[in-house]
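Chemist: For reference, the sequence and a predicted model appear below.
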Amino acid sequence: MSLLTDIQLPAVQLAAVSKSYPGAAGSVPVLREVSLGFSQRALTAVMGPSGSGKTTLLNCAAGLDRPDSGKVLLGDTDLAVCDERELTAVRRGRIGFVFQQFNLLPMLTAYENVALPLRLRRRSVKRDRVMEALREVGLADKADRRPAQLSGGQQQRVAIARTLVAEPEIVFADEPTGSLDRHSGRQIMDLLRAVVDRAGRTVVMVAHDPAVAACADRVVFLSDGKVVGRLDHPTADAVAARLSMWER
Ligand SMILES: Nc1ncnc2c1ncn2[C@@H]1O[C@H](COP(=O)(O)OP(=O)(O)OP(=O)(O)O)[C@@H](O)[C@H]1O
């Protein structure tokens, strides 16, 4: 497992990020001046009760949503003030996203799904590079299959390969094991660990299950739109104990 002492430089830094959504009785704050950094070459899990703002935090950090105030620094780039064209370029070139529901295109093969980000960036698609990404997730032999011909765990691995092929600075994953059984979920977590430990990449994920969060280097706890705790080198028991403090 990565040593947090070696990885203090944040890949993404949020400073006083606030976000509200319109509600029946006026605007409802969802993130309240959140400040935190996601360490490079580490796996960070974001946890908290339902509605605490985890997905909103991830979406703001990934440039999928825009905060009302505060900064979201990816290197020197403040995503909070980028216009749509700049954000699209950042999302395509520098950020990877893995969703709970995989979001693969059903008519395309695994190979074609993985090649898609390169096509969208108008890069020439090098077959070796696409196959290398499929190999990294253990699916080089399934390159010609369509998503419906793959298990849920295999589909999620294709989605991870699709993210890795673009060599993002940081990968965000919103409950990447949420649609999978325990065994497939475990395989996805082993893969995300390898992505960090062997390939030296940075991963931030939302997790609900303390056993999944225990695979992370660090857990950040959100409650009611605020960061209320951090736990380094977590165990499932320690995570569950912390969560119970805010879920009572
Ligand atoms: N587009 C939106 N419009 C209005 N309200 C929203 C929107 N997105 C999220 N919310 C509200 O913001 C709050 C936080 O939502 P968010 O999805 O970030 O929480 P979460 O911690 O990820 O929840 P869960 O664990 O249930 O997925 C919720 O009350 C939600 O209803």
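Modeler: Arrived safely.
Chemist: Quick one: name the residues of this protein near the ligand.
Modeler: For the chain, the residues in contact with the ligand under the definition Cβ under 6 Å from any ligand atom are 21, 30, 48, 50-56. In this view, the C-beta of every residue, glycine as well, is placed from N, C-alpha and C.
Chemist: Return the member of those residues nearest to residue 120.
Modeler: residue 55 (23.5 Å; Cβ to Cβ).
Chemist: Just give the nearest non-adjacent residue to that closest one, would you?
Modeler: The spatial neighbour of residue 55 that comes closest, neighbours along the chain excluded (Cβ to Cβ, 6 or more residues apart in numbering), is residue 174 at 5.8 Å.
Chemist: which is the next helix or strand following the one helix or strand residue 16 maps to?
Modeler: Residue 16 is part of strand 10-23 when elements are defined by DSSP states H and E. Scanning forward in sequence from strand 10-23 by DSSP H and E, the next helix or strand is strand 26-39.
Chemist: got the angle for that next one vs strand 10-23?
Modeler: Put simply, strand 26-39 runs at 170 degrees to strand 10-23, going by axes from the mean of the first three to the mean of the last three Cα atoms, to 10 degrees.
Chemist: tell me which residues of strand 26-39 are tucked away?
Modeler: Of the residues in strand 26-39, 29-31, 34, 36, 38-39 count as buried by neighbour count, 16 or more other Cβ atoms under 10 Å.
Chemist: The residue nearest in space to the middle of the chain: what's it in contact with?
Modeler: Compute the mean C-alpha point of the chain, and by Cα atoms, centre = their mean the closest residue is residue 172, 1.6 Å away. For residue 172, the contacting residues are 58, 61-62, 95-98, 203-205, taking Cβ atoms under 8 Å, 6 or more residues apart in numbering as the criterion.
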